[in-house]
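*Asks:* With the sequence up front, the predicted model follows.
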Amino acid sequence: MPVPDFEPVIGLEVHAQLLTRTKIFCGCSTRFGAPPNTQVCMVCLGLPGALPALNRAAVEMAIKAGKAFGCRIAERSVWARKNYFYPDLPKGYQISQYELPICSGGAVPVPGLGSIPLERIHLEEDAGKNVHTATGSEVDLNRSGVPLIEIVGKPALRSAEGASEYLKSLRLCLIYLGINDGNLEEGSFRCDANVSVRRKGESKLGTRVELKNINSFRFVRQAIDFEIARQVELIESGGKVVQETRLFDNEKGVTRSMRSKEEANDYRYFPDPDLPPLRVSKEWMEGISTPKLPHEIADALAAAGVSQADARSIVSDPRLVEVHRKVGGDPKRAALFVVGELGRAVNEKEADLSALKFDPALVQEVWKLQDAGAISSTAAREVLAELIRTGEAPQKIVERKGLAQVSDQGALEAVVDAVIARNPAEVEKYRGGKVNLLGFFVGQAMKDLKGKGNPGALNALFKKKLGP
């Protein structure tokens, strides 16, 4: 939402839960949805004397993110205690990284926006969760100690729409990397937005306001747009923006004050005495590979002849990319199947990408039948739909549903002769120069054949019989 005379400045901080089986400093499960306070131990409960033990898999996932986004991976990073008290943080501090994070620099590729620069990526543990009900508030500590990476973007975004596109791209990249499930509803991908405004032409940043834990792309746009408008109105009326943390009320579409914004010194960071510095050897880092990111796959599809729109649709879900790969053959034709027939089946709940009933390689068999004239293009679509629903072999579907196309010369010739005999007026008009009647004759023959005639063969026969 453009604001005359003012320029918004937006920086996003994303907390992404890592897909490890156990927590970052203990062996408790990270499984979502367990009964409250059943996945806890003395470490994540913060009991006196309990000592943390680092999860190697969490470190490798952070390195993978750093390599994918072109960050500098620190050979030595340090754990810090971030001190604050909430009911869901039993230790009274969070183990995080401050002065020496594991990743610094880098950028996230965003189609249409280019590369959005990053400040840093660091590892930390998640806090628990406060559960508010009509009868009171309770604390569930199952989430306490779940490993996170915090991805801190530089204040390089200039619109709510741009912020939303950045988050979509970042989320998809993390899914492709296999380190985050991208589930906003369960809170495994959460966003804080730092928003300020300044008059156009100014280089000094305005006072920033932090918007906490926004859990949908639509709410991100709404929250940022509201906050931009609120700050501009405040400045224009002679007021001053106060540095604070605000929550977004998605029902009313407004932000409201939560607390004054803390600075780093408010958290009294200091190195965690229970954890030695994290050292990443060159061999360890080089042994961690990263897959292609969505924009790279989309570019490769486009180079192979797939339309930009279809390429974007396919890379929107890595499972679709895998189906496209397994279908094989002409990339453009495979893309039309994935976006068309399979896309429709998924939308109509006839297919589940997590548990497909068919072997994608069988799609090629349907095309072979179509290209050989054994079935029509209309029948091919019906066979593909049935293949997706049941997984049955294409030839068996053709036989069971009686979809075989009539290509026998003698049978087709008999039908052509019958159509010509019963339509003398149209024959005379055709021979008089009205050649567009050829479609009429072919249509009549297809009706006689109940749609199973070979259109190409029928066209040739009618031209031969009716003359030039």
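*Replies:* That came through fine.
*Asks:* host element of Ser96?
*Replies:* strand 93-97 (DSSP states H and E).
*Asks:* Averaged pLDDT, that strand. What do you get?
*Replies:* Per-residue pLDDT over strand 93-97 has a mean of 96.
*Asks:* Partner strands of that strand and their direction?
*Replies:* When pairing is defined by DSSP bridges, strand 93-97 lines up against strand 79-83 (antiparallel).
*Asks:* Could I get the phi/psi values of Arg198?
*Replies:* Note on Arg198: backbone dihedrals following degrees, to the nearest 10 are phi -150, psi 160.
*Asks:* That one - nearest residue in space that isn't next to it in sequence?
*Replies:* Excluding the flanking residues, the one nearest Arg198 by C-beta to C-beta, 6 or more residues apart in numbering is Gly206, at 4.4 Å. To be clear about C-beta, it is placed using only N, CA and C from the backbone, and glycine gets the same treatment.
*Asks:* same deal with Lys204?
*Replies:* Arg198 (6.7 Å).
*Asks:* neighbours around the one you found, how many?
*Replies:* Arg198 is flanked by 17 other residues according to other C-beta atoms under 10 Å.
*Asks:* Please name the residues that touch Cys183.
*Replies:* Rather than Cys, residue 183 is Asn. Phe189 (C-beta atoms under 8 Å, 6 or more residues apart in numbering).
*Asks:* measure it to Leu174 for me?
*Replies:* Noted for Asn183: a distance of 11 Å to Leu174, by C-beta to C-beta, to the nearest Å.
*Asks:* what sits in contact with each of the two?
*Replies:* With C-beta under 8 Å, 6+ apart, Asn183 and Leu174 have common neighbours Phe189.
*Asks:* Ile235 touches Val242, doesn't it?
*Replies:* No: with contacts counted by C-beta atoms under 8 Å, Ile235 stays clear of Val242, the gap being 11.8 Å.
*Asks:* Comparing the two, which residue is more hemmed in?
*Replies:* More neighbours surround Ile235 than the other of Ile235 and Val242, with 17 against 12 (other C-beta under 10 Å).
*Asks:* so where does the more buried one fall, helix or strand?
*Replies:* When elements are assigned from DSSP H and E, Ile235 belongs to helix 217-236.
*Asks:* Name every strand pairing with the strand or helix carrying Val108 and say which way it goes.
*Replies:* Assessed by DSSP H and E, Val108 sits inside strand 107-110. Using DSSP bridges, the strands paired with strand 107-110 are strand 114-125 (antiparallel).
*Asks:* What's the mean pLDDT across the partner strand?
*Replies:* 97.
*Asks:* Next secondary structure after that strand?
*Replies:* Counting by DSSP H and E, the next helix or strand C-terminal to strand 114-125 is strand 129-133.
*Asks:* Packing partners of that following strand?
*Replies:* Strand 129-133 is packed against strand 136-140, with contacts defined by 3 or more C-beta pairs under 8 Å, 6 or more residues apart in numbering; DSSP states H and E.
*Asks:* who does the helix or strand following the strand it packs on pair up with?
*Replies:* Next helix or strand after strand 136-140 toward the C-terminus (DSSP H and E): strand 147-153. Strand 147-153 has its sheet partners listed here by DSSP bridges as strand 6-17 (antiparallel), strand 114-125 (antiparallel).
*Asks:* I'd like to know which of these lies nearest to Lys463.
*Replies:* Closest to Lys463 of those is strand 114-125 (C-beta to C-beta; 55.6 Å).
*Asks:* Measure how far that closest one is from the centre of its chain, please.
*Replies:* Its chain's average C-alpha position is 18 Å from that of strand 114-125, according to C-alpha atoms, centre = their mean, to the nearest Å.
*Asks:* buried residues in that strand?
*Replies:* By 16 or more other C-beta atoms under 10 Å, the buried positions in strand 114-125 come out as 116-125.
*Asks:* now swap in stretch 127-135 and tell me
*Replies:* In stretch 127-135, counting by 16+ other C-beta under 10 Å, buried: 127-129.
*Asks:* what's the domain layout of this protein?
*Replies:* 6-286, 294-401, 409-466 (automatic domain parsing).
*Asks:* So Tyr269 is in contact with Val78, correct?
*Replies:* No: the pair Tyr269 / Val78 is not scored as a contact, 10.1 Å apart, by C-beta under 8 Å.
*Asks:* what do these two both touch?
*Replies:* Common neighbours of Tyr269 and Val78 (C-beta under 8 Å, 6+ apart) are 98-99.
*Asks:* Contacts only, for the residue nearest to Arg198.
*Replies:* Contact analysis of Gly206 by C-beta under 8 Å, 6+ apart lists 9, 196-198, 231, 241.
*Asks:* between the residues you listed, which is closest to Arg319?
*Replies:* Using C-beta to C-beta, Val9 is the member of these that lies nearest Arg319, at 36.9 Å.
*Asks:* I'd like to know how many residues surround the closest one.
*Replies:* 18.
*Asks:* nearest residue to Asp126 other than its sequence neighbours?
*Replies:* Val146 (4.2 Å).
*Asks:* thought the one you found was touching Thr22?
*Replies:* No: in this structure, Val146 is not within contact of Thr22 by C-beta under 8 Å, at 9.4 Å.
*Asks:* Quickly list what's touching both of these two.
*Replies:* Common neighbours of Val146 and Thr22 (criterion: C-beta under 8 Å, 6+ apart): Thr30.
*Asks:* which one of these two has more residues nearby?
*Replies:* Remark: of Val146 and Thr22, Val146 carries more neighbours, 25 against 18, as counted by other C-beta under 10 Å.
*Asks:* just to revisit the earlier point, okay, the strands paired with strand 147-153 in CSV with distance to Val139 next?
*Replies:* Listed next are these as CSV, based on distance: least, C-beta to C-beta, whole Å:
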stretch, distance to Val139
strand 6-17, 18
strand 114-125, 16
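*Asks:* mind listing what the closest residue to Thr20 other than its chain neighbours touches?
*Replies:* The shortest distance from Thr20 to any residue other than its chain neighbours is 4.7 Å, reached at Ala57 (C-beta to C-beta, 6+ apart). Residues in contact with Ala57 (C-beta under 8 Å, 6+ apart) are 18, 20-21.
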